[in-house]
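Asks: Can you look at this prediction? I've put the sequence above it.
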Amino acid sequence: MQVKTIGIIGAGKLGVVLAQLALKAGYQVYISGSGAVSKIKLIVETLAPEATPATTQEVVAKSDVIILAIPLRNFRQLPKEVLVNKLVIDATNYWWEVDGPREDILKKGQSSSEAVQEFLQEAKVVKAFNHMGYHDLHDEPRASGAEGRKAIAIAGDGEKEVATVVALVDSFGFDPLPIGSLQEGWRLEAGQPAFGANVSKEELGELVFKANKSV
Ligand SMILES: NC(=O)c1ccc[n+]([C@@H]2O[C@H](COP(=O)([O-])OP(=O)(O)OC[C@H]3O[C@@H](n4cnc5c(N)ncnc54)[C@H](OP(=O)(O)O)[C@@H]3O)[C@@H](O)[C@H]2O)c1
């Protein structure tokens, strides 16, 4: 898939840094927050001035790929009817301080990206950009092949969709590490060794392998 336009839903710490990376990589970027466009205008103008602040509906309509950068507890607010057939990169995490009790928003044994996929039904959800802190995402991009390049893990089902996210992660300045199906996304969740990882592809692979579901 030829990606030209990236839409980011969520104009907070992560969303703004991802907008900066996308702009630097040459994509056109649309970004939305939870309320009126005027609420995010100043932050976008200041921190990612080439991005276009928009409503979530506009972001989805205008973008080839959508990145979710909202608190997980709000995923059921997403306009799933306009996300049909869209490639959605889920960068959200369950984080109890923000989201409250896990059982209030997720089924027992279900990973957060599986819940997002279940809700969005006909969108194609791929998990990526969730395990690295926004400051590391900001500080660590490097050209392909550069010494010390860090890696971002990707979990998703469709071969084509994963390939698109692999290319996108690479263009943002990180080595892509596909780890398997969306179901495997639990390996990247908070509490697992890979969560917070800002390491090379080889080291990240080891951390993903060490994941333990009983944690
Ligand atoms: N911070 C990190 O380092 C980091 C790294 C990787 C992944 N993540 C994950 O990314 C997500 C966002 O984290 P964050 O730190 O960026 O949070 P944040 O700074 O609180 O930003 C969240 C943003 O999402 C917006 N939002 C909330 N509900 C929305 C909705 N229904 N539609 C559109 N926008 C909505 C908020 O708008 P309002 O302010 O108007 O509510 C705000 O702009 C979380 O799931 C987090 O776990 C964070």
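Replies: Cool, the structure landed.
Asks: The residue nearest to residue 71 when sequence neighbours are not counted: which element?
Replies: In space, not counting the residues next to it along the chain, residue 71 is nearest to residue 98; the distance is 5.0 Å by Cβ to Cβ, 6 or more residues apart in numbering. Heads up, the C-betas are built off the backbone N, CA and C, glycines and all. Residue 98 belongs to helix 96-99 when assigned by DSSP states H and E.
Asks: Repeat that for residue 152.
Replies: Secondary structure assigned from DSSP H and E places residue 152 in strand 151-156.
Asks: what about that strand and the ligand, any contact?
Replies: No: counting by Cβ under 6 Å from any ligand atom, the ligand is not contacted by strand 151-156; separation bottoms out at 10.2 Å.
Asks: Just the CA atoms of that strand, as PDB, please.
Replies: Once non-C-alpha atoms are left out, strand 151-156 reads as follows in PDB (Å, rounded to 0.1, in the frame of the first residue of the first chain):
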ATOM      1  CA  ALA A 151      13.400  -1.100  17.200                       C
ATOM      2  CA  ILE A 152       9.600  -1.000  17.300                       C
ATOM      3  CA  ALA A 153       7.600  -4.200  17.600                       C
ATOM      4  CA  ILE A 154       4.500  -4.900  15.400                       C
ATOM      5  CA  ALA A 155       1.700  -7.400  16.000                       C
ATOM      6  CA  GLY A 156      -0.900  -7.900  13.300                       C
END
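Asks: where along the chain do the strands fall?
Replies: Along the chain, the segments classed as strands by DSSP state E run 5-9, 28-32, 52-53, 65-68, 87-90, 124-128, 151-156, 175-180.
Asks: Distance to residue 192 added to those strands, as a markdown table?
Replies: Output for the strands of the chain, formatted as a markdown table (distance: least, Cβ to Cβ, whole Å):
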| stretch | distance to residue 192 |
| --- | --- |
| strand 5-9 | 25 |
| strand 28-32 | 29 |
| strand 52-53 | 34 |
| strand 65-68 | 19 |
| strand 87-90 | 16 |
| strand 124-128 | 12 |
| strand 151-156 | 10 |
| strand 175-180 | 11 |
